[in-house]
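Participant: Got a predicted structure here, sequence first:
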Amino acid sequence: MLARARLSRLPTSFLGRRLASTKSLKETLQEVIPAKQEQLKKLKTEHGQAVVGEVKVENIIGGMRGLKAMLWDASVLDPNEGIRFHGLSIPECQKVLPSAPGGKEIIAESMLWLLLTGQVPTPEQTKQLSKELAEKGDLPAYVEKLIDSFPTTLHPMTQLGMGVAALNHDSSFQAAYEKGMKKSEYWTHTLDDCIDLIARLPALAARIYRNVYKPGTPLPAINKDLDLVGNYSNMLGYGDNQSITEYLRLYIALHGDHEGGNASAHTAHLVGSTLSDPYLSYSAALFALAGPLHGLANQEVLRWQLAMQQEIGSDVSEENIKSYLWKTLKSGQVVPGYGHGVLRNPDPRFIALQEFCNTRPELKNSPIIQLVNKTSEVAPDVLKEHGKTKNPYPNVDATSGCVLYHYGFTEFKYYTVIFGVSRALGALTQLVWARALGLPLERPKSYSMDALEKLVKQ
Ligand SMILES: CC(=O)SCCNC(=O)CCNC(=O)[C@H](O)C(C)(C)COP(=O)(O)OP(=O)(O)OC[C@H]1O[C@@H](n2cnc3c(N)ncnc32)[C@H](O)[C@@H]1OP(=O)(O)O
Ligand SMILES: O=C([O-])CC(=O)C(=O)O
């Protein structure tokens, strides 16, 4: 009822497209896949030769920036407006997607449902999915043993990637492939693996946290009545703190997908295109996410803001922040949390996290969050004057880790693991669709510099 009441506040164009039924996730997908298969077939046969854009030498040597070269339905990133998930902006998602009982924020299950099916689930459907994920959430004993064998000095992202890869021992896709399954059956086995993997991520990620930062403490069992992130928060030791649990729910929903070209999602897609199973594909994605220009920036931002705080002390003046920014830039480093490969405006995910803080006095008055906010006011002009970055505005990493720090969650080398729990929602959605649509092996053409020079001379 709640979702329908929320939906009724939206333009009628949403209503026609998005009224959900009582069907399960798999049944809903079964219903929506044929139309998409038909759409792709038509695009291929009727418009396969249509020109979408040109390829310049600067695209080839510039990390393919701006090239329109991937199929990705779940979300689209507009450079000025930011991300839309199946056409819905972040504020629209916040209005229509079901939250946890007693909570207000989007939960991972509703975002996953939207990404996978293009439909807004009912609260009952999300509850059912939460139950399914909780029932499938325990780790196999051999993975627990593997994780427990790692040195605590091994970066948590390395541990997460290795743990996810090891889960492929039980891959339904791989087992069925060995038995010679038909192509039309690929997507159901991929979906089964993806759901199992998403279900197990909280236990895996929480075990890594416990081993590295709280050795010897007990890990709570999965509570079958909680949502995925409610359980994750509980296993991290924050189950009694509704505020941080809600923050984690919002964080994980918002980081779920950022169209196809970002390094982590693209890696999962590339590896998956070889018919590697979802565990191996997502493990590869996590190692892309672990780079400081991508997901790891959230840990780097905190390190940088704390160093700034230490240097400027309590005098959080514009002048002091400005000179710290120049010091960073003049030393040849990037300002973490600023700039973007696509965005040309402040990241709406940054704004949504800022709004979360603004509605809670304890966060609004927190020194680290005030410093983040002040930095976001000062940095764009400094970066414009510096004159290099195409986007001088904050991205989501500019604040995401700093909010965790305020809550006392200070183990910043762990922050990208939370991002890794989230990005599974979008990257795995694409794997299901790639198999449902029968997308081919990804294999772009490369050029040598000599070949480019020859081409240019012609
Ligand atoms: C969830 C996410 O992944 S969001 C991104 C997280 N990463 C960060 O916040 C790290 C800091 N930001 C950056 O390094 C970049 O802005 C990136 C990697 C995000 C995007 O890179 P690009 O698309 O190549 O950016 P752009 O085209 O604007 O780069 C042009 C120049 O500006 C520089 N530049 C870009 N952003 C910044 C920045 N924040 N501080 C200083 N210089 C910057 C680039 O290093 C590049 O310099 P170069 O010509 O000497 O190589
Ligand atoms: O889109 C990108 O390239 C980076 C990013 O913000 C994300 O992956 O969330």
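Facilitator: That came through fine. Ligands and ions are numbered 1, 2, ... in the order given.
Participant: Could I get the full set of strands for the protein?
Facilitator: Using DSSP state E, the strands of the chain run over residues 75-78, 82-85.
Participant: Export those strands as CSV, with columns for distance to residue 214.
Facilitator: C-beta: built from backbone N, CA, C; applies to glycine. Listed next are those as CSV, based on distance: least, Cβ to Cβ, whole Å:
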stretch, distance to residue 214
strand 75-78, 35
strand 82-85, 34
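Participant: Ok, which of those strands comes nearest ligand 2?
Facilitator: With Cβ to the nearest ligand atom as the measure, strand 75-78 is the member of the strands of the chain nearest ligand 2 (6.2 Å).
Participant: Alpha carbons only: can I get the closest one in CSV?
Facilitator: Output of strand 75-78 as CSV, limited to C-alpha atoms (Å, rounded to 0.1, in the frame of the first residue of the first chain):
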residue,chain,number,x,y,z
SER,A,75,21.1,3.0,-15.5
VAL,A,76,22.2,5.9,-17.6
LEU,A,77,24.6,8.7,-16.5
ASP,A,78,23.9,12.1,-17.8
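Participant: list the contacts for the closest residue to ligand 1 within the stretch 251-400 of the chain?
Facilitator: Of all residues in the stretch 251-400 of the chain, residue 339 sits closest to ligand 1, at 2.1 Å by Cβ to the nearest ligand atom. Neighbouring residues of residue 339 by Cβ atoms under 8 Å, 6 or more residues apart in numbering: 383, 389-392, 395.
Participant: filter those residues down to the ones close to ligand 2.
Facilitator: Here is what survives when these are matched to ligand 2 using Cβ under 6 Å from any ligand atom: residue 395.
Participant: Please indicate which of the contacts of residue 339 are buried?
Facilitator: With neighbours counted by 16 or more other Cβ atoms under 10 Å, the contacts of residue 339 contain buried members at 383, 389, 391-392, 395.
Participant: right, and out of those residues, which lies closest to ligand 2?
Facilitator: Closest approach between the buried ones among the contacts of residue 339 and ligand 2, by Cβ to the nearest ligand atom: residue 395, at 5.7 Å.
Participant: tell me the pLDDT at the nearest residue to that closest one once chain neighbours are set aside?
Facilitator: Excluding the flanking residues, the one nearest residue 395 by Cβ to Cβ, 6 or more residues apart in numbering is residue 347, at 4.5 Å. Note for residue 347: predicted pLDDT of 98.
Participant: pretty sure residue 347 is in contact with residue 391, am I right?
Facilitator: No: Residue 347 is not in contact with residue 391 according to Cβ atoms under 8 Å; the separation is 9.2 Å.
Participant: who touches both of the two?
Facilitator: Joint contacts of residue 347 and residue 391 (Cβ under 8 Å, 6+ apart) are residue 340.
Participant: Contact partners for the closest residue to residue 414 other than its chain neighbours?
Facilitator: Of all residues not flanking residue 414 in the chain, residue 156 sits nearest, at 4.9 Å (Cβ to Cβ, 6+ apart). Residue 156 makes contacts with 208-209, 212, 413-414, 416-417, as judged by Cβ under 8 Å, 6+ apart.
Participant: quick one on the thing from earlier: winner for burial among the strands of the chain?
Facilitator: Among these, ranked by average contacts under mean count of other Cβ atoms under 10 Å, first place goes to strand 82-85 (a mean of 23).
Participant: Off-centre distance for that one?
Facilitator: Distance of strand 82-85 from its chain centroid, counting by Cα atoms, centre = their mean, to the nearest Å, is 12 Å.
Participant: Residues of the stretch 201-350 of the chain that sit close to ligand 2?
Facilitator: Proximity of the stretch 201-350 of the chain to ligand 2, by Cβ under 6 Å from any ligand atom, involves residues 258, 262, 341-342.
Participant: By neighbours, which of those wins?
Facilitator: residue 258 (27 neighbours; other Cβ atoms under 10 Å).
Participant: and that residue, what pLDDT?
Facilitator: Residue 258 carries a pLDDT value of 98.
Participant: Distance check, it against residue 210.
Facilitator: 29 Å (Cβ to Cβ, to the nearest Å).
Participant: likewise residue 319?
Facilitator: Taking Cβ to Cβ, one finds residue 319 at 44 Å from residue 210.
Participant: More neighbours: those two, which one.
Facilitator: Per other Cβ under 10 Å, whichever of residue 319 and residue 210 has more neighbours is residue 210, with 19 against 10.
Participant: OK, contacts around that one?
Facilitator: 217, 219, 235.
Participant: With residue 113 instead?
Facilitator: By Cβ under 8 Å, 6+ apart, the neighbours of residue 113 are 25, 28, 119-121, 125-126, 129.
Participant: now, which of the contacts of residue 339 sits nearest residue 426?
Facilitator: Nearest to residue 426 among the contacts of residue 339 is residue 395, at 16.4 Å by Cβ to Cβ.
Participant: contacting residues around the closest one?
Facilitator: Per Cβ under 8 Å, 6+ apart, neighbours of residue 395: 297, 337-340, 343, 347, 349-350.
Participant: so which of those residues is the most crowded?
Facilitator: Busiest of those [other Cβ under 10 Å] is residue 337, holding 28 neighbours.
Participant: measure it to residue 153 for me?
Facilitator: According to Cβ to Cβ, residue 337 stands 26 Å off from residue 153.
Participant: where exactly do the helices run in the stretch 251-400 of the chain?
Facilitator: Using DSSP state H, counting those that start in this stretch, the helices found in the stretch 251-400 of the chain span residues 263-272, 278-289, 297-312, 318-330, 348-358, 361-364, 367-386, 397-406.
Participant: Count the residues that sit near the residue of the stretch 1-150 of the chain found nearest ligand 1.
Facilitator: Relative to ligand 1, the nearest point of the stretch 1-150 of the chain is residue 65 (5.6 Å; Cβ to the nearest ligand atom). Other residues near residue 65 come to 11 when the count uses other Cβ under 10 Å.
Participant: Can you give me every residue that contacts it?
Facilitator: Residue 65 makes contact with 59, 341 under the criterion Cβ under 8 Å, 6+ apart.
Participant: Distance-wise, check it relative to ligand 2.
Facilitator: Between residue 65 and ligand 2 the computed distance is 10 Å (Cβ to the nearest ligand atom, to the nearest Å).
Participant: ditto for residue 441
Facilitator: Between residue 441 and ligand 2 the distance is 23 Å, computed by Cβ to the nearest ligand atom.
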